[in-house]
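# Provided below are the primary sequence and the corresponding predicted coordinates.
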Amino acid sequence: MKHHLYFSMVCISLCLTFSAAAFSQQSFDNWLKNPLLKNASVGLLVIDARTGDTLFQHNPRLSLTPASCMKLFSTSTALEVLGKDYSFSTEIACSGVPDSAGTLHGNVYIIGYGDPCLGSDRFADYYLKPLNFIGEWVKAIKNAGIKKIDGCVIGDPSQFCYPFQPGSWLYEDVGNYYGAPVSGLSIYENMYKLHFGTGISDGDSTLLLGMEPQIPGYTFINKVISATKGGDQSFIIGGSGCSSKTIIGSLPVKQTRFTIKGSVDNPPLWAAQLLSEALAKNGVTVTQTARSLPEGEYRPPVKVLYTTKSPPLKRICDATNLWSLNLYAEHLAIASAQQLQATPTTWFPKIVEFWKNKGMDTDGLQMMDGSGLSVFNTVTVSQLVYLLRYMHYNAKTQGTLMTTLPVAGNSGTLTRYCQYGTGKGKIHAKGGSMKGVRAMAGYARPDSGKEIVFAVIINHYDDSKGDIKKHVEDLLNIIAAL
């Protein structure tokens, strides 16, 4: 009798297991049948992280545009190659020594080594307290006995890279803050703000109230109109090296002070201007106008007076993935590639090669930048899942990547996902979006005790057929219930 009871319990358990599996498969199948995806290209892969067993798959090796999920490659590579405790440096140096009267017959240099967050209030404990970092620079210069600079302040990005924006970025992106140029000397996230007042009706003109901070040489032509729908649909047009910008598009009606953000074309020059102004305010005369070091001009021998250190790389990765910061991701990718002995023409291919050497099947992986802003990036969900599983179990910093990711319903860019669904608090993932693209890749921790790695990329969906955000949330809730 006991044997019959045991056998019956086993049968019931197996039936429940198979039933749950069948239900999960049906849930995924139904999710794929949504009209939103009728003409879309979709890749989806869900695996058991511990065993590597596939729980569901659909086009796992189809190359698709990942948008900001590309940041997973940048942050993962940086953690592996540079290490979570790595920090970037920025040096204040001078050519020559001051004479007996305190006059420096030479120049002061700000030498950047690729710190993406120099001056950011995200890291106020590093840059703004107890003394503002520029104040620390001024103090170091004065402590060196310099009372007058018979020369200028020069922003020098040459140790990392000169300001650039990848050629595959859209022209309408490069004038906006999310398309800010990468530079060996970046400052305040290479970003400025524009403030607007808007009208009360559709089509009313807007008033450009001002620029913050006021950067010398910039002019703006305002063609932005007011609109009752659509939110912020404005774009700052004018690429690198163009100081005259045109702002187009629309902003919400009835706003007394609506702020948009633009990208600074020449961050090293801006840094030099800021230090030169600060020196003058603190009694140090600078006889020549601040400038940046152009390509082809070499810096003479210098004496380093002060070094500003960035937060540890782990904290930079946290911010990069939590808030999907393009500038940070680009800096992390380039710093990693340089550590791998890459040249500017091989930065991103070198990262692909790195992961190939780690066992990843990189066929179909095309990395054109570190942030995902390029529409020419392509990746498969299989590659994203491989990357995530590797970082969780095999990386030098095992499990660290997961702690950098937003949590559904709780933090960062996923705060508004799954607020009332199964996935709340159980999904740690990086999202990606641009026009016609939605992606999500990360880890799930269901109540069942499973550890799951997943990735989904959707290209060319039809947003007239439904809400793509809600549809992705539905998928996250299905995964969180496995």
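It's in. This structure is a prediction, so every number in the text was calculated from the model and none was measured.

# rest of the way, CA atoms for contacts and neighbours
OK.

# from D156, how far off is V108?
Distance, V108 to D156, using Cα to Cα, to the nearest Å: 10 Å.

# by mean pLDDT, flag the weakest helix or strand of the protein.
In the chain, no helix or strand scores lower on mean pLDDT, DSSP states H and E than helix 2-32, which sits at a mean of 60.

# tell me the helix or strand right after it.
Moving toward the C-terminus from helix 2-32, the first helix or strand encountered (DSSP states H and E) is strand 41-48.

# partners of that following strand in the sheet?
Here strand 41-48 is paired, per DSSP bridges, with strand 54-58 (antiparallel), strand 452-459 (antiparallel).

# for H331, which of those is the nearest?
When these are compared by Cα to Cα, strand 452-459 sits nearest H331, at 24.5 Å.

# which other residues reach the helix or strand that the closest one is followed by?
Next along the chain after strand 452-459, taking DSSP H and E as the criterion, comes helix 468-480. Around helix 468-480, the neighbours that count as contacts under Cα atoms under 8 Å, 6 or more residues apart in numbering are 24, 27-28, 31, 36, 46, 417-418, 421-423, 426-427, 438, 444-447.

# off-centre distance for whatever helix or strand Y306 lives in?
Using DSSP H and E, the element containing Y306 is strand 303-309. On the basis of Cα atoms, centre = their mean, to the nearest Å, strand 303-309 sits 27 Å off its chain's mean C-alpha point.

# heads up, I number from 262, so please use that
Taking 262 as the first residue, the last one we looked at is strand 564-570.

# next SSE after it?
By DSSP H and E, the next helix or strand past strand 564-570 is helix 574-584.

# count the neighbours of N618 for me.
11 (other Cα atoms under 10 Å).

# no wait, A669
28.

# wait, it sits on L675?
Yes. Using Cα atoms under 8 Å, A669 is in contact with L675, at 4.8 Å.

# in CSV, list the strands paired with strand 302-309 along with mean pLDDT.
Shown next, in CSV, are the strands paired with strand 302-309 (pLDDT from 0 to 100):
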stretch, mean pLDDT
strand 315-319, 97
strand 713-720, 98
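
# can you give me the end-to-end span of stretch 311-326?
28 Å.

# got it, and stretch 352-367?
16 Å.

# what do you get for stretch 426-445?
From start residue to end residue, stretch 426-445 stretches across 13 Å - Cα to Cα.

# give the rounded mean pLDDT of that stretch.
Averaged over stretch 426-445, pLDDT sits at 93.

# so which bits of that stretch are buried?
426-427, 430, 434-445 (16 or more other Cα atoms under 10 Å).

# low-confidence ranges in this structure?
For the chain, the stretches with pLDDT under 70 are 262-284, 500-503.

# would you map out the domains in it?
For the chain, the structural domains run 297-345+575-741, 350-423+527-571, 432-524, going by automatic domain parsing.

# tell me which of those is the most buried.
domain 297-345+575-741 (a mean of 21; mean count of other Cα atoms under 10 Å).

# what sits up against stretch 323-333?
302, 304, 581-582, 585, 590, 625-626, 628, 631-642, 645, 691-695, 698-702, 718-720.

# now the end-to-end length of that stretch.
18 Å.

# so what touches stretch 655-670?
So stretch 655-670 is in contact with 336-337, 340-341, 344-345, 575, 578-580, 582-583, 649, 652-654, 673-681, 684-691, 703-704, going by Cα under 8 Å, 6+ apart.

# likewise stretch 577-589?
Contacts to stretch 577-589, defined as Cα under 8 Å, 6+ apart, come from residues 329, 332-333, 336, 377-378, 439-443, 450, 590, 631-634, 664-667, 672-674, 691.

# how about 7 Å then?
Contacts of stretch 577-589 with the rest of the structure, by Cα atoms under 7 Å, 6 or more residues apart in numbering, involve 329, 336, 377, 439, 441, 443, 590, 632, 665-667, 673-674, 691.

# helix, strand or coil for E341?
helix (DSSP: H, G, I helix; E, B strand; the rest coil).

# list the contacts of M695.
A328.

# residue boundaries of the helices in the stretch 512-661 of the chain?
Assigned by DSSP state H, counting those that start in this stretch, the helices in the stretch 512-661 of the chain fall at 528-542, 574-584, 587-600, 608-618, 642-654, 661-664.

# and those: which comes nearest P513?
helix 574-584 (23.7 Å).

# by how many degrees do the closest one and helix 587-600 diverge?
Counting by axes from the mean of the first three to the mean of the last three Cα atoms, to 10 degrees, helix 574-584 lies at 140 degrees to helix 587-600.

# for I497, give the beta-bridge partners.
I508.
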